[in-house]
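Participant: Mind looking at a prediction? Sequence and model below.
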Amino acid sequence: MKFPMNRANMKLTLIFLSVGVCMAKKGVMFETAEIPFMDPKYGTATCYSNKYNATTFLVNARVNFTTDLPLDSVVAVDIYKLSDNTYKKTALSMKKKICQFLDSGEYRIMWSSYMDERFNIPKKCPISKGYYMAKDIDPNRLVANELFNFLPSWSIKVEVAITSKNEPIMNMKFRFKVVDAY
């Protein structure tokens with residue numbers, strides 16, 4: 001039986017496809033997390049991971065801002081896909097003033113109660129001097145909260161850069177594989 005593609009059927013098809021994509025569960029095979037650069041005039045930062053059990057790594061990050069982050073600070077997130085043994089930049093990227101990002105719906109959609117338990121990162125501006133951390137983050141718990149479910153099953157590198165007036169403040173890098181849940 002063939003269905004005519006009228007407006008009602010098109011809406012139903014789009015809803016079905018959207019639900020199907022949103023229901024697809026992904027897993028993360030963690031590889032590395034690092035903070036290769038932090039301008040000392042803004043503070044210090046460390047990032048490390050530790051093996052929790054045979055299949056799970058927990059990621060920890062600590063940042064001690066010794067001065068307030070400038071209100072004009074920009075955050076840029078770029079996602080790279082491993083292809084032919086080289087990470088190649090994808091169209092999945094974002095660049096916004098930090099304050100705009102914190103106020104945006106994108107940030108609120110990403111946030112979850114799991115993250116509330118483990119992050120003390122500010123959810124709005126200003127980002128004042130102080131000690132901030134992400135403690136014992138299980139990347140697969142983030143996936144369970146659908147943070148990564150929109151990504152294809154790729155080997156991925158995520159680079160996060162914070163700048164002010166095009167001067168680097170801090171860089172972070174994460175490498176992992178997004179895999180279909182099993």
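Facilitator: Nice, thanks for sending it over.

Participant: helices and strands of this protein: which one bottoms out on pLDDT?
Facilitator: Scoring the helices and strands of the chain by mean pLDDT, DSSP states H and E places helix 7-23 at the bottom, with a mean of 46.

Participant: Please enumerate the helices of this structure.
Facilitator: Applying DSSP state H to the chain gives helices spanning 7-23, 98-103, 105-110, 113-118, 139-144.

Participant: and the second one, what does it pack onto?
Facilitator: Helix 98-103 sits against strand 74-83, with contacts defined as 3 or more C-beta pairs under 8 Å, 6 or more residues apart in numbering; DSSP states H and E. C-beta coordinates here come from the backbone N, C-alpha and C atoms, glycine included.

Participant: Show me what the strand it packs on is packed against.
Facilitator: Strand 74-83 sits against strand 86-97, helix 98-103, strand 155-164, with contacts defined as 3+ C-beta pairs under 8 Å, 6+ apart.

Participant: Make JSON lines out of those and add mean neighbour count and mean pLDDT.
Facilitator: Below are those laid out as JSON lines (neighbours: other C-beta atoms under 10 Å; pLDDT from 0 to 100):
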{"stretch": "strand 86-97", "mean neighbour count": "13", "mean pLDDT": "93"}
{"stretch": "helix 98-103", "mean neighbour count": "18", "mean pLDDT": "88"}
{"stretch": "strand 155-164", "mean neighbour count": "18", "mean pLDDT": "94"}
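
Participant: what's the closest of these to residue 65?
Facilitator: Among those, strand 155-164 comes nearest to residue 65, with 10.7 Å by C-beta to C-beta.

Participant: so what does the closest one touch, helix or strand wise?
Facilitator: Looks like strand 155-164 contacts strand 74-83, strand 167-180 (3+ C-beta pairs under 8 Å, 6+ apart).

Participant: shaky segments in the chain?
Facilitator: 1-25, 105-114, 142-150, 181-182 (pLDDT under 70).

Participant: Swap in 50 and give it another go.
Facilitator: 1-4, 9-23 (pLDDT under 50).

Participant: Dig out what residue 174 forms beta bridges with.
Facilitator: residue 33, residue 158 (DSSP bridges).

Participant: isn't it right next to residue 158, touching?
Facilitator: Yes: between residue 174 and residue 158 there is a contact at 4.6 Å, judged by C-beta atoms under 8 Å.

Participant: and residue 135, how many neighbours does it have?
Facilitator: 13 (other C-beta atoms under 10 Å).

Participant: Hmm, residue 121 and it touching each other?
Facilitator: No: in this structure, residue 135 is not within contact of residue 121 by C-beta under 8 Å, at 11.0 Å.
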